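[1] Okay, sequence plus prediction incoming.
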Amino acid sequence: MSDKSPIIMWFRRDLRLGDHPALTKACESGRPVVPLFIHDEVVDGQGAAARMRLGLSVGSLAKSLEEAGSKLILRKGQALDVLRDVIEETGAGAVYWSRLYDGASKERDTAVKAALKDDEVEAESFAGHLLFEPWTVETKTGGFYKVYTPMWKAVRDRELAESLSSPSKIPAPDSWPDSDNLDDWQMGADMKRGHDVVLPHCTVGETAASHRLGAFIAHRVADYKTKRDIPGVDGTSGLSENLTYGEISPLKCWHAGWRALHDGKQDAEVFLKELVWREFAYHLIHHTPRIETDNWKEDWDAFPWQDDERAAEIKAWKQGRTGLPFVDAAMREMYVTGTMHNRGRMIVASYLTKHLMTHWKVGMTWFEDCLIDWDPASNAMGWQWSAGSGPDATPFFRVFNPETQVEKFDRDGTYRRMWIAEEYSNPSKTALSYFDAIPQSWHMEPNDDYPDPIVSPSDGRERALAAYKDRDF
């Protein structure tokens, strides 16, 4: 291949122009760059909300590339087949991409790299989705960290390069290959009537993500340690939505957090710890891919979880009709906004896996279908952490009590009023939106009676502790 042959820039979960090592390297080569997004087998495997939100991000990237004098080529099909087609059409001699670490992506990328090299096409992967590549962080005795706190201490003071600027020029090929129309893909179709409810709550694209980070650092990071746990206030960064699609890099967030810390905003360290918590999830999924599919702690394999999704208790949990307002408010927030406050995620996950004795896979799969900020590593680790089967120094027998959690984190009822309609004579607009988002087959109305608890906090806790007592962990 000629040194002037085009480079295909294969975008996946790195849908930005700034701080993009693969794109920067391609542009610096002086060779034409053909940006490409493939609706492939990995995209097909995502849940409804995640796929809808990914489509929005792809559309935003396409506009950014057009403004930069380039173009995003869209193709649908098996990744390797599409790449070979575009290589043949453009005469490209190289394919660049940013690394991913979940099982499906690694399996695809390994096969693609080997096949392209057999075709004598340069295939190079780059960092960018994480702060630290998983193989660069080891314990003193070798091996990866299985507990978060020691990992945080190990990486806290590492020097990291500054973020890269957006390329000043993206060299274009003499002619562009054909492209699919994004609208024809209908990536939000599986959301059905929930699509129009969730859409206004999405913050899409690189520019919006950068503004979100700036607003958080300017106005909320100083009180982050306390307010991040209060679901009724706007106390978090909201950046999980943008990080999962790569609309902003973790490195940009890291440097912003450190600048805030140096400016005297001490709570910024908690934000930095949350970024490393994300890293921890990715290091685990890289080193122990079974965390996506099996109990991370194998001695949980015989634990008597239920997994019959036809069970009335599981159905009530999915519908936000458990009779416990904190649990139900969090589930309804997810259907309206596509996200859920982190405190809510812990409560609903603990309630499902412990009070209802339901397998964490049921919850993990449901979240994958419903969250616009779905992340394969964080979702898997979060559910196993809550269930007790995952990597966690905290005792597995801790059972969150949804009623005492209300007293701690929603004492004035703000969060419950935001998302539950049945208990109030004048429901909030957000609470009513829930009934516009859910499937009509659920036959739920705002004037329904609010249910009694399907399992009381005390009974559920006793049931869980009895099951733990009978097991030899």
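    Right, received. Where do you want to start?
[2] Let me see the ranges of the strands in the stretch 101-250 of the chain.
    122-126 (DSSP state E, counting those that start in this stretch).
[3] likewise the stretch 301-450 of the chain?
    Under DSSP E, counting those that start in this stretch, the stretch 301-450 of the chain gives no strands.
[4] Contact partners for residue 178?
    73, 89 (C-beta atoms under 8 Å, 6 or more residues apart in numbering). For every residue, glycine as well, the C-beta is placed using N, CA and C.
[5] Backbone dihedrals for it, please?
    phi -60, psi 150 (degrees, to the nearest 10).
[6] I'd like to know how far it sits from residue 70.
    Relative to residue 70, residue 178 is positioned 16 Å away (C-beta to C-beta, to the nearest Å).
[7] Can you give me the buried ones in the lowest-mean-pLDDT helix or strand in the chain?
    Lowest by mean pLDDT, DSSP states H and E among the helices and strands of the chain is helix 457-469, with a mean of 88. Buried residues in helix 457-469, counted by 16 or more other C-beta atoms under 10 Å: 457, 460, 461, 463, 464, 468.
[8] Looking at those, which is nearest residue 370?
    For those, the closest approach to residue 370 (C-beta to C-beta) belongs to residue 460, at 22.7 Å.
[9] Find the residue closest to that closest one in space, skipping its chain neighbours.
    residue 355 (2.8 Å; C-beta to C-beta, 6 or more residues apart in numbering).
[10] my read: that neighbour touches residue 465, true?
    No - contact criterion C-beta atoms under 8 Å: residue 355 and residue 465 do not qualify, at 10.9 Å.
[11] overlap in contacts of these two?
    Common neighbours of residue 355 and residue 465 (C-beta under 8 Å, 6+ apart) are residue 399.
[12] any idea which strand is longest in the protein?
    As assigned by DSSP state E, the longest strand anywhere in the chain is strand 33-39.
[13] what's the next secondary structure element after that one?
    Going down the chain from strand 33-39, the next helix or strand is helix 41-44, by DSSP states H and E.
[14] State the mean pLDDT of that next one.
    For helix 41-44, the mean pLDDT works out to 96.
[15] Contact partners for the residue nearest to residue 460?
    399, 455, 457, 460, 461, 463, 464 are the contacts of residue 355 under C-beta under 8 Å, 6+ apart.
[16] tell me the two of those that are most distant?
    Pairwise distances across those peak at 11.8 Å for 399 and 455 (criterion: C-beta to C-beta).
[17] domain ranges for this protein?
    1-128, 130-160+192-287, 298-469 (automatic domain parsing).
[18] From the buried residues of helix 457-469, pick the one nearest residue 415.
    Nearest member of the buried residues of helix 457-469 to residue 415, counting by C-beta to C-beta, is residue 457, at 17.4 Å.
[19] And for the closest one, nearest residue in space, chain neighbours not counted?
    Using C-beta to C-beta, 6+ apart, the closest residue to residue 457 is residue 401 (4.8 Å).
[20] and the one you found, how far is that from residue 160?
    40 Å.
[21] Neighbour count: those two, which is higher?
    Neighbour count, other C-beta atoms under 10 Å: between residue 401 and residue 160, residue 401 has more, with 19 against 13.
[22] Tell me how many other residues surround the residue nearest to residue 396 when sequence neighbours are not counted.
    Nearest residue to residue 396, sequence neighbours excluded (C-beta to C-beta, 6+ apart): residue 388, at 3.1 Å. Residue 388 has 24 neighbouring residues, counting by other C-beta under 10 Å.
[23] these two touch, right, residue 388 and residue 399?
    No - the criterion here is C-beta under 8 Å, and residue 388 misses it with residue 399 at 9.4 Å.
[24] what residues are shared contacts of these two?
    Common neighbours of residue 388 and residue 399 (C-beta under 8 Å, 6+ apart) are residue 354.
[25] where does the chain dip in pLDDT?
    1-2, 393-394, 472-473 (pLDDT under 70).
[26] cutoff 50 now
    For the chain, no stretch has pLDDT under 50.
[27] residue nearest the centroid of it?
    Centroid-nearest residue in the chain: residue 375, 2.5 Å away (criterion: C-alpha atoms, centre = their mean).
[28] Enumerate every residue touching the closest residue to it other than its chain neighbours.
    Leaving aside its chain neighbours, residue 375 sits nearest to residue 244 (4.4 Å; criterion: C-beta to C-beta, 6+ apart). By C-beta under 8 Å, 6+ apart, the contact list for residue 244 reads 13, 373, 374, 375.
[29] pretty sure the second one contacts residue 241?
    Read it as residue 373. Yes - with contact defined as C-beta under 8 Å, residue 373 counts as touching residue 241 (4.2 Å).
[30] any common contacting residues for the two?
    By C-beta under 8 Å, 6+ apart, the residues touching both residue 373 and residue 241 are 53, 338, 339.
[31] Need those residues in a markdown table (columns: distance to residue 270 and neighbour count).
    Shown next, in a markdown table, are the shared contacts of residue 373 and residue 241 (distance: C-beta to C-beta, whole Å; neighbours: other C-beta atoms under 10 Å):
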| residue | distance to residue 270 | neighbour count |
| --- | --- | --- |
| 53 | 26 | 28 |
| 338 | 24 | 25 |
| 339 | 19 | 25 |
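[32] And the residues you listed, which is closest to residue 220?
    residue 339 (16.1 Å).
[33] Quick one: residues contacting the closest one.
    Contacts of residue 339 (C-beta under 8 Å, 6+ apart): 201, 238, 240, 241, 333, 371, 372, 373.
[34] mind running it again at 6 Å?
    Neighbouring residues of residue 339 by C-beta atoms under 6 Å, 6 or more residues apart in numbering: residue 373.
[35] Surely residue 8 is within a strand?
    Yes - Residue 8 forms part of a strand when assessed by DSSP: H, G, I helix; E, B strand; the rest coil.
[36] Tell me, how many residues neighbour it?
    27.
[37] what do you get for residue 296?
    20.
[38] and it, what does it touch?
    Contacts of residue 296 by C-beta under 6 Å, 6+ apart are 384, 389, 390, 391.
[39] backbone phi and psi for the third one, please?
    Dihedral angles phi and psi of residue 390 (degrees, to the nearest 10) take the values phi -110, psi -170.
[40] thought residue 34 was touching residue 10?
    No - using C-beta atoms under 6 Å, residue 34 is not in contact with residue 10; the gap is 9.4 Å.
[41] what about residue 95, which helix or strand?
    Residue 95 belongs to strand 94-98, assigned by DSSP H and E.
[42] And that strand, how far out from the chain middle?
    In terms of C-alpha atoms, centre = their mean, to the nearest Å, the centre of strand 94-98 is found 23 Å from the chain centre.
[43] now for it, which elements pack on it?
    strand 7-11, helix 21-28, strand 122-126 (3 or more C-beta pairs under 6 Å, 6 or more residues apart in numbering; DSSP states H and E).
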